[in-house]
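Colleague: Build me a structure from this.
(chains A, B and C)
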Amino acid sequence: MSEVVHMIDSEVFLAFSTYATIVTLKMMLMSPLTSYFRLTRKAFANMEDTTLDLSKEDKKKMVKVDPDVERVRRCHQNDLENVIPFLVVGLLYALTGPALSSALLHFRVFVGSRFCHSVAYLVPLPQPSRALCFMVGLLTTFSMAHRVVTTALYL
Amino acid sequence: MSEVVHMIDSEVFLAFSTYATIVTLKMMLMSPLTSYFRLTRKAFANMEDTTLDLSKEDKKKMVKVDPDVERVRRCHQNDLENVIPFLVVGLLYALTGPALSSALLHFRVFVGSRFCHSVAYLVPLPQPSRALCFMVGLLTTFSMAHRVVTTALYL
Amino acid sequence: MSEVVHMIDSEVFLAFSTYATIVTLKMMLMSPLTSYFRLTRKAFANMEDTTLDLSKEDKKKMVKVDPDVERVRRCHQNDLENVIPFLVVGLLYALTGPALSSALLHFRVFVGSRFCHSVAYLVPLPQPSRALCFMVGLLTTFSMAHRVVTTALYL
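Modeller: Predicted structure coming up:
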């Protein structure tokens, strides 16, 4: 990590910026998707939100838990639990100056695994497809963390 | 992004540091606020937490779900889902070397929208005030992500 | 913050990389731990996940809420709410060029407090042990945020 200043201007860092932004946007799209399901399923979390539904049905009954909404929310939560560690570890990993091919492999496998994970969660596909996507993403992040810790170790 | 090394030392990066820290502190304050509501509403999530309440009431009844506590928790969760993407995308955006005025506009609008969002959620204000705050924050982050992807694209 | 370019190559930044990766890995381990409890307690969140249990019991009854699973999930959520702010504020803090001894103190105290917090949550230890761990972590992050805002203030 002794030449990190030069690394931040490298193709690895550009690649990280690109993939990090893509997977962050994918994670953020879970919010509008949740809103979409809340509106179409008429299942809101707050009493004041029921006014967003323009029908004249009983508003009180719209504050309820809907299985489809909960599924999107669990998918979103799983993204938070896995994408955010990737973003942090990936940034530090990019600064350790890995080979471009190695870095691209990590970024592409991770981002691919998270897209597959969301599809597997929302369709839903039969297990263990989702569990495998989750494992691939986790191991990719572990692999990057391994490089950070072995390259930059300072306790 | 070819002169990123010079960018990290710029006014844009200082501005990002300031606004990122402010909005992170605002998000973190949701934790003590949740604790405050749990203590005053006597609604805890764990049996062992009930000893934090010094009254001699029945402890078992204090492990319960309270609507005010849940509202603060949803507000906190919404912060996690939106502030964290801003922090990551904003950092990469600051490194792309945007114009200072443009960067300040993005940072100020986003941070302002999140403060308004929390007020709208906790009062609560009638909809669509909260939905608008949420949308403004989301679009600001999308705008920054657009610049990152168009400036630093490396797939 | 005028010499930030030199700072990113410093021992403080190496120390941040190390401690940030350690505490991120610790947070990520909550996911497999949740899976472990879901499998052993036979308490799944999705109908399709019940096929991961190879016994011939009634699958429908396995979609349930289990107190041990919920405890691990709350512990994980608390990590998300506290570790992520540390990662962001800590990164900016490391770029302000603090004294190495001061930075190491912050990083070690924070990471230590989060390990203790998880132990206190999962055992569980009697309160206020967990509340104290939480407070120590929060105050450490506030202390770093204070330095960032006073060093890099640009509104």
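Colleague: Low-confidence regions, chain A specifically.
Modeller: Within chain A, the ranges that satisfy pLDDT under 70 run A:1-9.
Colleague: got the residues of it near chain C?
Modeller: A:1-5, A:8, A:71, A:74, A:80-82, A:84-85, A:88-89, A:92, A:95-96, A:124-128, A:130-131, A:134, A:138, A:141-142, A:145, A:148-149, A:152-155 (C-beta under 8 Å from any C-beta of the partner chain). C-beta: built from backbone N, CA, C; applies to glycine.
Colleague: run the last query once more with 7 Å
Modeller: Residues of chain A found near chain C (C-beta under 7 Å from any C-beta of the partner chain) are A:1-2, A:4-5, A:74, A:80-81, A:84-85, A:88-89, A:92, A:124, A:126-128, A:131, A:138, A:141, A:145, A:148-149, A:152-155.
Colleague: So which of the residues you listed belong to helices?
Modeller: Counting by DSSP state H, the part of these found in helices is A:4-5, A:74, A:80-81, A:84-85, A:88-89, A:92, A:131, A:138, A:141, A:145, A:148-149, A:152.
Colleague: Which of the three states applies to the most far-flung residue of chain A relative to its centre?
Modeller: Distance from the C-alpha centroid of chain A, by C-alpha atoms, centre = their mean, peaks at A:Lys56 (37.1 Å). At A:Lys56 the chain is in coil, as set by DSSP: H, G, I helix; E, B strand; the rest coil.
Colleague: Can you tell me how far it is from A:Thr50?
Modeller: 11 Å (C-beta to C-beta, to the nearest Å).
Colleague: The strand or helix carrying A:Ser101 and chain B, are they touching?
Modeller: Assigned by DSSP states H and E, A:Ser101 belongs to helix A:100-122. No - Helix A:100-122 stays clear of chain B (C-beta under 7 Å from any C-beta), getting no nearer than 8.5 Å.
Colleague: Any chance you could list what contacts that helix?
Modeller: Residues lying outside helix A:100-122 but in contact with it, judged by C-beta atoms under 7 Å, 6 or more residues apart in numbering or on different chains, are A:11-12, A:15-16, A:19, A:22-23, A:26, A:71-72, A:75, A:79, A:82-83, A:86, A:90, A:94, A:129-130, A:133-134, A:136-137, A:140-141, A:143-144.
Colleague: again, 6 Å this time
Modeller: Helix A:100-122 has contacts (C-beta atoms under 6 Å, 6 or more residues apart in numbering or on different chains) with A:11-12, A:15, A:19, A:22-23, A:75, A:86, A:129-130, A:133-134, A:136-137, A:140, A:144.
Colleague: Just name the closest of those residues to C:Ser31, please.
Modeller: Ranked by distance to C:Ser31 (C-beta to C-beta), the contacts of helix A:100-122 are led by A:Phe134 at 7.6 Å.
Colleague: residue contacts, that closest one?
Modeller: Taking C-beta under 6 Å, 6+ apart as the test, what A:Phe134 contacts is A:His117.
Colleague: Would you show me how to pick out the buried ones of the contacts of helix A:100-122 in ChimeraX?
Modeller: Typed into ChimeraX, the line below selects the buried ones among the contacts of helix A:100-122, using 16 or more other C-beta atoms under 10 Å in any protein chain shown:
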select /A:12,15,19,22,23,75,86,129,130,133,134,136,137,140,144
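Colleague: So which of the contacts of helix A:100-122 is the closest to B:Lys61?
Modeller: Closest to B:Lys61, out of all of these and judged by C-beta to C-beta, is A:Cys75, at 34.4 Å.
Colleague: how about the strand or helix carrying A:Asp68: buried residues?
Modeller: Under the criterion of DSSP H and E, A:Asp68 resides in helix A:67-95. Buried positions in helix A:67-95, judged by neighbour count with 16+ other C-beta under 10 Å: A:69, A:71-73, A:75-95.
Colleague: same thing with stretch A:46-61?
Modeller: So stretch A:46-61, judged by 16+ other C-beta under 10 Å, has buried residues A:Asn46, A:Glu48, A:Asp49, A:Thr50, A:Leu52, A:Lys59.
Colleague: could you redo the residues you listed as CSV and give each row distance to A:Tyr36 and secondary structure?
Modeller: Converted to CSV, the buried residues of stretch A:46-61 look like this (distance: C-beta to C-beta, whole Å; DSSP: H, G, I helix; E, B strand; the rest coil):
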residue, distance to A:Tyr36, secondary structure
A:Asn46, 17, coil
A:Glu48, 19, helix
A:Asp49, 13, helix
A:Thr50, 16, helix
A:Leu52, 12, helix
A:Lys59, 19, coil
